[in-house]
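Engineer: test case, fold it:
(chains A and B)
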Amino acid sequence: MTVDTWFEVASSACLLIGALLSLAAGIGLLRFPDALSRMHAATKPQIAGLAFILLAVGLEARNWATISTLILVMLFQMLTAPVAAHMIGRAAYRTRHLRRELLLTDELADVVDRASHDLATDPATRPQ
Amino acid sequence: MSGVKGSIWRQVPLLLWLVVLWTLLWDQVSVLSVVTGILLALLVTRVFYLPPVELPDRVNPLGLVIFIAHFAFDLVRASFQVAWLAVDPRGVPTSSIVAVQLSTKSDLSLTLTALAVSLVPGSLVVEADRQDDILYLHVLGTETPADVEKARADVIAVEERIVRAIGSRDDVRRVNLSRAERSLGPIVSGRRQRAWEERHPIIPVEQYPSEGGYPE
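Structural biologist: Sure thing, here's the model as predicted:
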């Protein structure tokens, strides 16, 4: 086998792994019970899935112009996905889009309750 | 570094990065791409002004390599774990919301820890308490209280790897003190770290308004 064939085999394998991770993310989106659990499926396997697919493209193309763009795609995906996940997760928690009976512990509940109690009783304690 | 000169020097890494980004997007290094990159970088930093990020006063290349390798491994492993939880025929996983008390105070270390933790599947930052440096995470697949403790320890380990790689001297001391409370050895204890700690004595809690202060 030539070097090119090996690159093609590696590239195909990466493409398959990436596709499987993305498929699992889709299934998780359907199967997980509440908004917060779904956020894991919606944002996370996608990162590794995308990484494998970009790796496949890089192995196939093998020139710096393409690879530098792929690195940028990955970088911005890694910078933005957690921020989006955090904002949606935070909103989901505060609007109670989660099923508490499926939580083992909730160490945030007391803090939020106390904060909202303070706000309700004394507007002067509103955090700056 | 202070005053006008300091603020200009602090902008330099950001400007450089914006120029590099621009040339990468053009896929070519030419006079035109570099000059337009510099002009655009100046324009963007003027129009979209952000407070400059305080860069750390130390970098450990080996620590950086360890952090990146560990992170890549965690990312791939956890992706497969979450993928399996999604198709696991035994039903849906039990989650928890876990509070993790971090040791560092700097914006950069806290942000990087939250980013790294968020990127690894199975944990999602629901809330960040900047005042007291507590991250609240939604952790997928915690069946027992032991799993919750493991998730907490994992986040603290990520923080320690980040601080070891690019934490400031102050962050290193905070992490070392926090580890000492748990009877663990310091992450960095070189000569320069000790010299820095002697020059910058710990500020007593009462002179440290609105913050938790250093542990004694």
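
Engineer: ok, for B:A99, nearest residue in space, not its chain neighbours?
Structural biologist: Spatially, and ignoring its direct neighbours in sequence, B:A99 is nearest to A:E107 (3.9 Å; C-beta to C-beta, 6 or more residues apart in numbering or on different chains). To be clear about C-beta, it is placed using only N, CA and C from the backbone, and glycine gets the same treatment.

Engineer: for the one you found, what are its contacts?
Structural biologist: Counting by C-beta atoms under 8 Å, 6 or more residues apart in numbering or on different chains, A:E107 touches B:S96, B:I97, B:V98, B:A99, B:Y136.

Engineer: identify, from those, the entry nearest to A:Q77.
Structural biologist: B:Y136 (24.1 Å; C-beta to C-beta).

Engineer: can you tell me the strand partners of whichever strand or helix holds the closest one and which way each runs?
Structural biologist: Per DSSP states H and E: B:Y136 is located in strand B:134-139. Strand B:134-139 pairs in its sheet with strand B:95-101 (antiparallel), strand B:123-129 (antiparallel), by DSSP bridges.

Engineer: so for the first one, mean pLDDT?
Structural biologist: Averaged over strand B:95-101, pLDDT sits at 88.

Engineer: who touches that strand?
Structural biologist: Contact partners of strand B:95-101, identified using C-beta under 8 Å, 6+ apart, comprise A:36-37, A:93, A:102-109, A:111, B:126, B:132-142, B:147-148, B:151-152, B:155-156.

Engineer: C-alpha coordinates for the helix or strand that that strand is followed by, CSV please?
Structural biologist: Counting by DSSP H and E, the next helix or strand C-terminal to strand B:95-101 is helix B:107-119. Written as CSV, here are the backbone C-alpha positions of helix B:107-119 (Å, rounded to 0.1, in the frame of the first residue of the first chain):
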residue,chain,number,x,y,z
ASP,B,107,-10.4,36.1,35.4
LEU,B,108,-8.2,34.1,33.0
SER,B,109,-7.8,31.0,35.1
LEU,B,110,-11.5,31.0,36.0
THR,B,111,-12.6,31.4,32.4
LEU,B,112,-10.2,28.8,31.1
THR,B,113,-11.3,26.3,33.8
ALA,B,114,-15.0,26.9,33.0
LEU,B,115,-14.3,26.6,29.2
ALA,B,116,-12.3,23.4,29.6
VAL,B,117,-14.9,21.8,31.9
SER,B,118,-17.7,22.9,29.6
LEU,B,119,-16.0,21.4,26.5
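
Engineer: just checking, what's the longest helix in chain A?
Structural biologist: Using DSSP state H, we find that the single longest helix of chain A is helix A:64-94.

Engineer: that one near chain B at all?
Structural biologist: Yes. Counting by C-beta under 8 Å from any C-beta of the partner chain, contacts between helix A:64-94 and chain B involve A:65, A:68-69, A:71-72, A:78-79, A:81-82, A:85-86, A:89-90, A:93.

Engineer: show me what that helix is packed up against.
Structural biologist: helix A:35-61, helix B:3-26, helix B:107-119, strand B:123-129 (3 or more C-beta pairs under 8 Å, 6 or more residues apart in numbering or on different chains; DSSP states H and E).
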